[in-house]
Structures are given as C-alpha cells and as structure tokens.
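> Have a look at this prediction, sequence included:
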Amino acid sequence: MNHYPHHIGDFNTATRHLSRLERAVYRDALDMYYDTEAPLDGSDFDRLAKRLLCRDTDEVSALQYVLTEFFEQQEDGTWANHRCDREIAKFKEAQADAGVVKSNEKQRQTRSRAVRSAIFSALRAKGIEVKWNAKMGDMRALCKQHGVDVSAIDSGTASVTQGDVSGGVTASQRHGSGTANQNQNQNHIKPPNPPARGAGDSGADASDQGKGGGNAVQVPAATATVTATALCAFFPEIRRTRLAEVAVCIASLEADGTVTGEQLLKAAAQQSEWLCVDEGRACPSVLRWLREQRWLDAAAGVAQAGAVPSDWRQTRSGVEAMGERLGLGRWDQERHRLFTQYEDAVVAALEGQTVGA
C-alpha cells in the first residue's frame, strides 16, 4: 500500500498518553505495517528496532512499549494490529474489484469495436455508404433494412475476441506485433477506407475474387467478414484498406477450399512481427497478401533448411532464401523501402550470375 487512512481524532485519542517519541515510533511502525502489508517481524527484536530507526535506549524502550500497547504478538513472533489487518484486507478487495471491472470494460470495448467494424464492412459490401461516426443504433437499423444478419456478426465477433477463431491466438497475441506493442490503443480496428472506385463499386473483377471466377461470392457471409476483421488486426493500420473486398476474397478462398479462415489467422499471427516492421512501409495490403497467397510464407520454412524452392518467387521467404544464397542478405537487413526493390535486386543478381557462368 502506498497510502492508508489516518483518522486524526482517533489517533490523538488513542495516543494521548504517549510521549512525543512514542507517538513518532508508533507512526513509523504503522507506516512499515501498511507498506509491507504484513505484521511486523519480531523474530529478531534488534533487527526490527534497527529497521524502525530505534537506536538509543530511550528509542528502544519506546518501541517495546508501543508494541505491547498497540500490537499483539503471534505464535510465529510477528506483531499484529487488527485495525491494520482490516484496512489491508479492504484495500486488497478493492484492488481485486477494480481489476475485474477494468478487465470487463476492456473486453467490452474490444468487442464493441470489432462488432462496429464488422457491421461497417457488411454494409459496405452491399454498397451502402455509412459515415465513420455513425451511431451503432443507426447502423443496426440499416442492417435490418438491407437484410444483414446482425446476430451472426455479434456471435462471430464474440468468438474472435475470445481467441476461439484464431486457433488459440488470444486478443493480446493478435495485437502483439513487433512494433505495435507500444500502446494497445493504436491497434484497434478502425473503419476501413472506402474502395478506390467509390462505395458502390468494389472494383473487383473475376481476378480479384481469388480462384472463384464467375462463381465468386459478391456479398461475403458474416463469418468471412468477421475473419477479415480479425485478420486486419495483424497488419499495420495503413494496410487495412478495402476491407469489403478482403471479406469477399476470403469467402471465395474458403468456398474453393484453398485455405480456411483459421489458417489465414494463424499464418498472419506468425508473420505479424515483420508485417509491422518500419511502421509497415514495406508491408503489402491485406488484399494483396491474400491474392498473392502470402500466407504460405509462414509455412515455407525455407530459411531453416537453407534451401531455395523451385517456385521461390511465389513467396517472400523464397525470395529471401535466394537473396541469401546470392549474398544479398535478407530483405530486413537490406533496409530497402519496398520489398519489390529487394526482389528486383535478387532477380538482377541471379541473372548476372547466370550470364557470368
């Protein structure tokens, strides 16, 4: 405890018969009691006296009197004060209650932000323009008007915030990227930027929808929207754009059996550290990450084996493995502004080596 209640009237009444020295020793003993949140250790009286700065004969005598007057010696040799024990118990109970309230409030805010983002994305997928500061009541009314299943979003988002969808990845892990741990507040998902070609046109052709082609899902299911929202949490904020198209792409990939939402979240969690390096300047957008199947980078394991796969240009890890073989080092070590610049340097070095041979 760094503070405790001191009732002036009660203290004066209880210590009126004490000398100034005894009153001072008593206050020091109370300070030690509350500071350690435990009875005074009297197993070694000389040590206790020294800790309370009682050195000469008068001070030691004052300490002995104070202990017998206001404290009760226990079987283990400690000196207990029942009023101090009550105040410490009340303090610990209040601390525990405050911790529960704070934890519940944090969970509520996290879930509320996730639900808002998911509803925002679902409405945008239907071509409905929603202001960034729209009230939740108005957004839910729009969902009901346009046939968006809000109950599915609520239940799906609850499982994401509890870490069930990500295969054991908790909320703290989802926010635990390499440079994003400085402040939890900067990691919450804000409403996505509108599509580049306007709210009514997602700008996605057949190639944008993954492998679905003409059968691509144009309006994603609520589960795909929830997965997209959770996936964006692993990326820096500047790369969380076109979330509606991200949800459509995820729905298409899941429908084709290419990858599951759980696999995407697990891969993004493994890559989150380098995704947020240098404030994400060289990080691909979430949509590009999906289109180029960057989730495979997490499972490639190229750097561990020191081998270069035949399709090395298909993944970031493959390009880095080739770069290391050519003596260029990994992309993070090269400090290029864009990964494409590093990739071009690797290709040029490989072509130069081939020509020289």
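Sure, I can see it.
> List the residues that contact L18.
Y26, V66 (C-beta atoms under 8 Å, 6 or more residues apart in numbering). Glycine gets a C-beta too; all of them are placed from N, C-alpha and C.
> 10 Å instead, please
L18 is in contact with A24, V25, Y26, A62, Y65, V66, E69, F70, counting by C-beta atoms under 10 Å, 6 or more residues apart in numbering.
> With A233 as the reference, measure out to the third one.
To tie it back to what came earlier, the one meant is Y26. 55 Å (C-beta to C-beta, to the nearest Å).
> Compare those two and say which is more crowded by neighbours.
A233 (25 against 22; other C-beta atoms under 10 Å).
> and the more buried one, how far is that from T110?
On the measure of C-beta to C-beta, A233 and T110 end up 10 Å apart.
> Also H82?
Using C-beta to C-beta, we find H82 at a distance of 42 Å from T110.
> Please type out the ChimeraX selection for whichever of the contacts of L18 turn out to be buried.
Applied in ChimeraX, the following selects the buried portion of those according to 16 or more other C-beta atoms under 10 Å:
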select :24,25,26,62,65,66,70
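> possible to save the contacts of L18 as TSV with secondary structure?
As requested, the contacts of L18 are exported to TSV (DSSP: H, G, I helix; E, B strand; the rest coil):
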residue	secondary structure
A24	helix
V25	helix
Y26	helix
A62	helix
Y65	helix
V66	helix
E69	helix
F70	helix
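> Put together TSV for the contacts of L18, with pLDDT and distance to K90 on each row.
Shown next, in TSV, are these (pLDDT from 0 to 100; distance: C-beta to C-beta, whole Å):
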residue	pLDDT	distance to K90
A24	95	26
V25	96	25
Y26	95	21
A62	96	29
Y65	95	28
V66	95	24
E69	93	24
F70	95	19
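> Neighbour count: H82 and T110, which is higher?
Neighbours were counted for H82 and for T110 using other C-beta under 10 Å; T110 has more, 21 against 9.
> Now do that one, the pLDDT please.
pLDDT recorded at T110 is 76.
> same thing with G178?
For G178, pLDDT reads 42.
> go on, the one 5 residues further on?
According to the prediction, N183 has pLDDT 41.
> just P39 next, same as before
Reported pLDDT for P39: 94.
> count of residues packed around it?
Other residues close to P39 by other C-beta under 10 Å number 20.
> re earlier: of the contacts of L18, closest to R242?
R242 has its nearest neighbour among the contacts of L18 in Y26, at 69.4 Å by C-beta to C-beta.
> any idea how far the closest residue to the closest one other than its chain neighbours is from G9?
Distances taken as C-beta to C-beta, 6 or more residues apart in numbering put V66 closest to Y26, at 4.8 Å, once the chain neighbours are dropped. From V66 over to G9 the distance is 20 Å, taken as C-beta to C-beta.
> go on, H3?
In terms of C-beta to C-beta, H3 sits 19 Å off from G9.
> Check which element follows the longest helix seen in the chain along the chain.
Using DSSP state H to define each element, the chain has its longest helix at helix 82-125. Following helix 82-125 in sequence order, the next helix or strand is helix 136-145 (DSSP states H and E).
> Mind listing what's buried along that next one?
In helix 136-145, counting by 16+ other C-beta under 10 Å, buried: M139, R140, L142, C143.
> mind checking how far D46 is from V60?
Distance from D46 to V60, by C-beta to C-beta: 9 Å.
> okay, and the common contacts of these two?
C54.
> More neighbours: which of the two?
V60 (17 against 9).
> any idea where the strands of the stretch 251-357 of the chain begin and end?
In the stretch 251-357 of the chain, no strands are found when defined by DSSP state E, counting those that start in this stretch.
> Sketch out the low-pLDDT regions of it for me.
The stretch 251-357 of the chain contains residues with pLDDT under 70 at 278-279, 281-282, 298-311, 331-337, 353-357.
> Off-centre distance for stretch 74-91?
Here the centre of stretch 74-91 is set off from its chain's centre by 39 Å, with C-alpha atoms, centre = their mean, to the nearest Å.
> M136 contacts S117, doesn't it?
No - the criterion here is C-beta atoms under 10 Å, and M136 misses it with S117 at 11.5 Å.
> Just list the residues touching I153, thanks.
114-119, 121-122, 140, 143, 222-223, 225-226, 229.
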